[in-house]
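Undergrad: the sequence isn't on hand, but the structure is:
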């Protein structure tokens, strides 16, 4: 049985979510901080340059037939063959030394993610950062699920045994995660928080012990703003130009959707769609595009796809998705695993693959990483060519491919300008005060600071948007580093004087863990239809979905 301690609601909290034109009010509880975790499970199979292995990945640790296990994912994309290889220093290729920034809902310290050095906590930029027991935690559950896919590793799994199925193993099990939390238990997040997190990663990418080479962003808005001018698009491109491989999910609006989410619209980043391996590892002939995956159009669509349907990863006990969708629990008897579908999961798989490449060849540019992953992807038979992009990820083929010349890999799209509006970047997703209903709109960030694209683009391009704990003219976080975490900062009432959204002075209570909501939270935000769903009905978590 798992020893991961569920977090119980400590007090009532109000929140709401407006999804497209329909709103559904829900009540939930403030979640206490989780305790450390329990045992483990995970991987095997073999795969060649083109994944056509006839070996079946072990499933002894997950008996629920409705889940696509990580051993199966790793067999399909060729990860297990990569783990048998070594880098130029003679180290096993497991992502060691590579930092993956995860901008999400936080990372819970459950088994597989709790060992020393696995997670480095950046500043908590979420509205729950003002509650000491919630800082850097994951009250939503989405971030923990992504973290497990990217770099989870049970301590019991010895080096060289990753493919034996003796414990939980992510795609890049020895990469470390940089936890940049922006979302709360109800998913509340403003686009200004996401931009701030991206820029923090860019500014601090070379800090001691961090080495951020990959940034996973399973987030997207329904912005209609041209990505050439959009500030969120500009932020991810600035990170890319600074040497960070940015991996973004395309969204979960399905085969009829002709516009991917923002910032997947940016042509430089790696935009990832979700595939469905149809429950088989022995053949790729039955693989297809997940019904959830946004198709896009000929101008912008997924660059490639990776498994994203019913992916089993680490459960965050007591989190929002855990409490709301109990049918997502994997029925293996341990209580450690949870399943979900979406391009979020697919993006996490690709982020892990990028980490493996960067351990093998640390001098690769982001353009070269993208070229290697897309040029070696396997086209899916009989599948829409727009929806699948270059095809399904094959990381072993990418690892064995020759390094493309820098000039040949270089992308030559027009350079983003970032002079658009912050409100345009939000699309229809807005955070709001639950007491007054006032939404954050217009050209100001969550701190009430005016947004000036002319000055911001200059500092963003130089990677200097953050000065100590200050971003866009306000103090968001502390500036002290203790070896594992950056310090926090109390947002007091004086921050809000004359800058309130409604015209009144805000207090620190307004930003407590009990006050904030997301009236504009939609399936496009956090790019995982199975996590948020259009109606919050949980239909994508129901057992019939995974049959």
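TA: Here it is on my side, so go on. Everything numeric in this text was worked out from a predicted model, so none of it was measured.

Undergrad: residue 414 - how many residues pack around it?
TA: Number of residues near residue 414 (other Cβ atoms under 10 Å) recorded here: 8. Yep, even glycine has a C-beta here, placed from its N, CA and C like the rest.

Undergrad: got it, and residue 85?
TA: 14.

Undergrad: what's the closest non-adjacent residue to it?
TA: Nearest residue to residue 85 in three dimensions, chain neighbours excluded: residue 93, at 4.8 Å (Cβ to Cβ, 6 or more residues apart in numbering).

Undergrad: next one: residue 408
TA: Spatial nearest neighbour of residue 408, excluding adjacent residues (Cβ to Cβ, 6+ apart): residue 371 at 7.6 Å.

Undergrad: that neighbour: which element?
TA: Assigned by DSSP states H and E, residue 371 belongs to helix 366-375.

Undergrad: output the contacting helices and strands for the helix or strand immediately after that helix in the chain.
TA: Per DSSP H and E, the first helix or strand lying C-terminal to helix 366-375 is helix 385-388. Packing partners of helix 385-388 (3 or more Cβ pairs under 8 Å, 6 or more residues apart in numbering; DSSP states H and E): strand 270-276, strand 304-307.

Undergrad: a markdown table please, covering those and showing mean pLDDT.
TA: Shown next, in a markdown table, are the helices and strands packed on helix 385-388 (pLDDT from 0 to 100):
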| stretch | mean pLDDT |
| --- | --- |
| strand 270-276 | 97 |
| strand 304-307 | 98 |
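
Undergrad: next, format those as CSV and append mean neighbour count and distance to residue 69.
TA: Formatted as CSV, the helices and strands packed on helix 385-388 follow (neighbours: other Cβ atoms under 10 Å; distance: least, Cβ to Cβ, whole Å):
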stretch, mean neighbour count, distance to residue 69
strand 270-276, 30, 14
strand 304-307, 30, 10
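
Undergrad: nearest to residue 85, of those strands?
TA: Go through these one by one with Cβ to Cβ and the one that ends up closest to residue 85 is strand 304-307, at 19.9 Å.

Undergrad: other residues contacting the next helix-or-strand element following the closest one?
TA: Helices and strands here follow DSSP H and E; after strand 304-307, the next one along the chain is strand 311-314. For strand 311-314, the external contacting residues (Cβ atoms under 8 Å, 6 or more residues apart in numbering) are 62, 64, 67-70, 73, 108, 110-113, 144-149, 152, 168, 170, 330, 336-341, 345, 349.

Undergrad: stretch 412-428 now?
TA: With contacts defined as Cβ under 8 Å, 6+ apart, stretch 412-428 is touched by 20, 190-192, 195, 221-235, 237-238, 262, 266-268, 441-445, 451, 453-454, 456-457, 460, 520, 522, 524.

Undergrad: one more time with 7 Å
TA: Under the criterion Cβ atoms under 7 Å, 6 or more residues apart in numbering, residues 191-192, 221-223, 225-234, 237, 262, 266-268, 441-443, 451, 453, 457, 460, 520, 522 lie in contact with stretch 412-428.

Undergrad: only the buried subset of these, as a PyMOL command please.
TA: Here is the PyMOL command that selects the buried residues among the contacts of stretch 412-428 (16 or more other Cβ atoms under 10 Å):
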select buried, resi 191+192+221+222+223+225+227+228+229+230+231+232+233+234+237+262+266+267+268+451+453+457+460+520+522
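
Undergrad: OK, contacts around the nearest residue to residue 205 once chain neighbours are set aside?
TA: Of all residues not flanking residue 205 in the chain, residue 212 sits nearest, at 4.0 Å (Cβ to Cβ, 6+ apart). Residue 212 makes contact with 99, 101, 178, 201, 205, 244, according to Cβ under 7 Å, 6+ apart.

Undergrad: what residues are up against the first one?
TA: With contact taken as Cβ under 7 Å, 6+ apart, residue 99 is in contact with 176, 178, 210, 211, 212, 213.

Undergrad: can you get me a residue count around the fourth one?
TA: Neighbours of residue 211 under the rule other Cβ under 10 Å: 19.

Undergrad: cool, and residue 111?
TA: Residue 111: 25 surrounding residues under other Cβ under 10 Å.

Undergrad: list the residues that contact residue 235.
TA: Residues in contact with residue 235, defined by Cβ under 7 Å, 6+ apart, are 195, 198, 199, 460.

Undergrad: nothing else from me, thank you.
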